[in-house]
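Novice: got a sequence here, can you model it:
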Amino acid sequence: LSSLPPDLHLLPASQIEDILRNTDFMDIPITIQQVFLNELPNKDLRTILFRNCGVLDDRYLDRLFNFRNITSITLEGCPQVHLAFPLLHALSDRCKALASLHISDITACRRIARATVTSVKGLEFPQLVDVTIERCPVLCEVRLWAPALNVLSITDCQKLSVLDVHSPHLDRLNITGCINMQEAELAAFTRSCGSKSLAYVNVDLFGLEPDLAQVIFGGQMISSILSEGGEEYWSCAKRIASIAEDEPAMTTSILPECLEHVLGWEACEFLFRVGGDDPLWCRSVLVGERPEIWTTLVNAARVSKLQSNPTLAINILRVATSKAAGWEVAAKIAEVAMLDAAVAAPIITAGRSYSWTTASDLAGLAIADLARAEVLIGVGVKQGWDVAGNLVAIATVHPEVVGPLLDVSNSQRGRHGNGDGQSGGHLVRILANVAAKLPALVPTVLQLGQDIDWEFASAMSRIAMNDPAMTQLNLMHRKLTAKSVAAIVALLGINTTLTSLILFGTSLDDDAVDALAKALVSMPAATKLTELWLLDTGLTCASAQRLSPALQSAPLACINLRGHDLSADGGAAVVHALAASPTLTELRLDTCGMGPAGGEALAALLALPTPASTLRRLELYNNDVADAGGAALCASVATNARLEALVLSRCALGGATATALGNALATNHVLTLVDVHDADFGRDGCAAVVAALAHNSTLCTLRLWKCGFDDVAAESISALLPQNTSLKTLTVSSEALSPVGIAALTHGLSVAAALTELRIEKGRVIRSDSFAGVDAKVVLL
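Specialist: Sure, this is the predicted structure:
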């Protein structure tokens, strides 16, 4: 053709199928080029190849694309060709038989795609099997719908950033020298086009490693060139390949993650570095299908590389592979490490030294609220991880509690002044433990702390938790509000370890009494509460009457109501209610204003036949029961077979009571203690009581202090002591004694069969040597 004259005109030829196969247009004069472009093509044209054609442009190609039998198009070095949107639309719409498309050195082509998003498929080529695009420096986007495509090769297209080719049967992929292509974009394309079917992949994002060998993944050839650290990551890839030979799942589980970003390879490389000479361990990690495994690896690699903290990263992997923690915990810690390495390190310490559950909770809190996690980590470092663990455990359930509990910790530490946080930490530990195990009681405990004090709230928390060491609750001089009483009642309602409840100097109004009565009635069946002491709580006759039914039904063994004015009907109501109690063994009504009527009511209680009468100790200190009430009581004691202790000191007793007591001691064989000090017994009364000891074999303690004990009584008791085998302690006064009486007592002590202690008031007749030579203990009051 180069020898043809310039003005040669050729007529159309009917059998021409190929234009200038293996011919370079640059060797042909321009006029001859125009002849070929204008005259030669016909409807049977199947193959187009233009190489270095200076006059070829989009308009002429549009004319060629009218020939619908075209199967192969090759455009190389044609500077006037733009492949604009209209031309590409014509190609896609007309040339449905196109099977091969090769484009090289087309410097003006920017996009191989449709102009608008009218079709999500892009340019449609149903029979296209081979696409090659080379050295198109401004090409930035390729979108094709080519379901039959087998080979896709794009090289040295520096601005290419969008690659969307629908090709489920793609077999060979070559992407090299496309420096603007992102790893994620390429990985997404690889997966979308069916990466499982790929037999060969050559991916060179930056053109750094063009000659890397192929890696075998489950019998499939994949060659991967990475953006940085090529040789290092290639070594890592070969190790993955060696594992994948026995684990086909590696193809789809590990490779896509590595292609996703460079840190995927960094994670694997870091894993192999940590795993060292333990390939089985590395294999077990990589073939795991749990997502937290890969997340942990990637984040650990980031900590090692991006945060320059390989020690923390290695510790995270050690957490992951430990039996106590595991990958889920490590995944959380790794995520925290990406936020703040200084927070992640102490979380690992908490897990190792205390509990991995606490460490996991701390990590979860740090991910959600880093500032609060830092505060709780500080608590763990200063006050103990158990304290921090309890706080973390409730932070998600009751976040409003964490602040008050921290305030408690700080305030108690300051109050005790030791600065080590132990006191505050102890309170927080107990309170938070309640919040962690019984979250419904958190408002109750906080109410007690705010209304009363935090030590009391701590004690109540232990009661709520059924602490076996917490058997007594002593509310001394506490001012209880209606809310705090309700809180106490709520906690008592679930407790099964408390044995004694003492309210001393704590004012109880009518509402508080009603709440307490409700608590006593509704105590759980497993309750161990047996003692109730209400000392100087301001009970009135009316409130005592309302409380009485609860005292009757509650399984109480000891009731102490000291310091109340029950002079009207309150005392009688209490006594009548307690008469029906099947469990009451001890009743103390000191300073309760019990008059003669109260004494008679108690006498009726003691007169109940056994086993109805369960009372074993009765104390009526400082009650004006008078001689009539005292005599009635002592008369009932004579026939009572249960009562072991009777205290009637300062009860305005007289001779009638002394006579009745003497009769009771002569017949009762259960009493072990009688206290009637400050009674106006006189000589005859004391003589009657002492004389009764000749017939008593159970009384161990007798208190006749300030009762008129004189020389006659002293001589009488001295004569009885050698035969009495039960009396061990005797208390008397010396105001009515003379040296004769002292001598009688001294003699009696020296020959007593059981008496080991004499308690006597100091007086003018008592000398330092008055009781010299006796073995018994003498206490001078």
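Novice: just the pLDDT at the most centrally placed residue in the chain, thanks.
Specialist: Centroid check for the chain by CA atoms, centre = their mean gives Ala393 as the closest residue, at 1.6 Å. Ala393 is assigned a predicted lDDT (pLDDT) of 71.
Novice: and it, which of the three is it?
Specialist: helix (DSSP: H, G, I helix; E, B strand; the rest coil).
Novice: the nearest residue to Asn663 once chain neighbours are set aside - how many residues pack around it?
Specialist: Distances taken as CB to CB, 6 or more residues apart in numbering put Ala638 closest to Asn663, at 5.8 Å, once the chain neighbours are dropped. Any C-beta I mention is one placed from the backbone N, CA and C, and that applies to glycine too. Number of residues near Ala638 (other CB atoms under 10 Å) recorded here: 18.
Novice: now swap in Ser726 and tell me
Specialist: Ser726: 17 surrounding residues under other CB under 10 Å.
Novice: contacts only, for it.
Specialist: Applying CB atoms under 8 Å, 6 or more residues apart in numbering to Ser726 gives the contacts 696-700, 754.
Novice: Leu475: what secondary structure?
Specialist: strand.
Novice: beta partners of it?
Specialist: Leu503 (DSSP bridges).
Novice: can you name the residues that contact it?
Specialist: 456, 488, 502-504, 506.
Novice: quick one: which two of those residues are the most distant?
Specialist: Using CB to CB, the two most remote members of these are Ile488 and Phe504, lying 14.5 Å apart.
Novice: and the pLDDT at Gln182?
Specialist: Gln182 is given a pLDDT of 67.
Novice: distance of Arg111 relative to Leu83?
Specialist: 8 Å (CB to CB, to the nearest Å).
Novice: what sits against the nearest residue to Val740 once chain neighbours are set aside?
Specialist: Nearest residue to Val740, sequence neighbours excluded (CB to CB, 6+ apart): Asp711, at 5.0 Å. Contacts were defined as CB under 8 Å, 6+ apart; by that measure Asp711 touches 736-738, 740-741, 744.
Novice: with Asp340 instead?
Specialist: With CB under 8 Å, 6+ apart, Asp340 has these contacts: 366, 370.
Novice: angles on the backbone of it, please.
Specialist: Asp340 adopts backbone torsions of phi -160, psi 110, taken as degrees, to the nearest 10.
Novice: find me the pLDDT at it, would you?
Specialist: 87.
Novice: from Ala388, how far out is Ser353?
Specialist: For Ser353 relative to Ala388 (CB to CB), the value is 11 Å.
Novice: so which of these two has more stuff around it?
Specialist: Comparing Ser353 with Ala388 by other CB under 10 Å, the one with more neighbours is Ala388, at 29 against 13.
Novice: check which helix or strand covers the spatially closest residue to the more buried one that is not a sequence neighbour.
Specialist: In space, and not counting its chain neighbours, Ala388 is closest to Gly380: 3.3 Å by CB to CB, 6+ apart. Taking DSSP states H and E as the criterion, Gly380 maps to helix 370-383.
Novice: gap between that helix and the chain center?
Specialist: Its chain's C-alpha centre and that of helix 370-383 lie 14 Å apart, by CA atoms, centre = their mean, to the nearest Å.
Novice: and it, what does it pack onto?
Specialist: helix 341-353, helix 356-368, helix 385-395, helix 399-416, helix 422-437 (3 or more CB pairs under 8 Å, 6 or more residues apart in numbering; DSSP states H and E).
Novice: got the angle for it vs helix 385-395?
Specialist: Angle of helix 370-383 versus helix 385-395, following axes from the mean of the first three to the mean of the last three CA atoms, to 10 degrees, is 150 degrees.
Novice: CA atoms only: put helix 370-383 into PDB for me.
Specialist: Output of helix 370-383 as PDB, limited to C-alpha atoms (Å, rounded to 0.1, in the frame of the first residue of the first chain):
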ATOM      1  CA  LEU A 370     -14.300   6.600  77.400                       C
ATOM      2  CA  ALA A 371     -14.300   9.400  80.100                       C
ATOM      3  CA  ARG A 372     -16.400   7.400  82.500                       C
ATOM      4  CA  ALA A 373     -14.300   4.300  81.900                       C
ATOM      5  CA  GLU A 374     -11.200   6.300  82.800                       C
ATOM      6  CA  VAL A 375     -12.800   7.300  86.100                       C
ATOM      7  CA  LEU A 376     -13.600   3.700  87.000                       C
ATOM      8  CA  ILE A 377     -10.200   2.500  86.000                       C
ATOM      9  CA  GLY A 378      -8.800   5.100  88.500                       C
ATOM     10  CA  VAL A 379     -11.100   3.600  91.100                       C
ATOM     11  CA  GLY A 380      -9.800   0.100  90.300                       C
ATOM     12  CA  VAL A 381      -6.100   1.300  90.600                       C
ATOM     13  CA  LYS A 382      -6.600   3.100  93.900                       C
ATOM     14  CA  GLN A 383      -9.400   1.200  95.600                       C
END
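Novice: what comes up buried for that helix?
Specialist: 372-373, 376-377, 379-380, 382-383 (16 or more other CB atoms under 10 Å).
Novice: avg pLDDT for that helix?
Specialist: Mean per-residue pLDDT for helix 370-383: 82.
Novice: over to stretch 524-538?
Specialist: For stretch 524-538, the per-residue pLDDT averages 85.
Novice: count of neighbours near Asp511?
Specialist: By other CB under 10 Å, 12 other residues sit near Asp511.
Novice: correct me if wrong: it contacts Val485.
Specialist: Yes: between Asp511 and Val485 there is a contact under CB atoms under 8 Å: 7.2 Å.
Novice: quick one: which of the contacts of Ser726 is nearest Gly595?
Specialist: Nearest to Gly595 among the contacts of Ser726 is Leu699, at 27.6 Å by CB to CB.
Novice: ok but the closest one is inside a strand, no?
Specialist: No: assigned with three-state DSSP, Leu699 falls outside any strand and is coil.
Novice: determine the number of other residues adjacent to it.
Specialist: 20.
Novice: in the stretch 301-450 of the chain, where is pLDDT below threshold?
Specialist: 305-307, 394, 396-402, 404-405, 407-437, 439 (pLDDT under 70).
Novice: if we use 90, what do you get?
Specialist: 301-343, 350-450 (pLDDT under 90).
Novice: now the strands for the stretch 51-200 of the chain?
Specialist: Along the stretch 51-200 of the chain, counting by DSSP state E, counting those that start in this stretch, strands occupy 72-76, 100-104, 111-112, 123-124, 130-134, 141-145, 151-155, 162-166, 172-176, 200-204.
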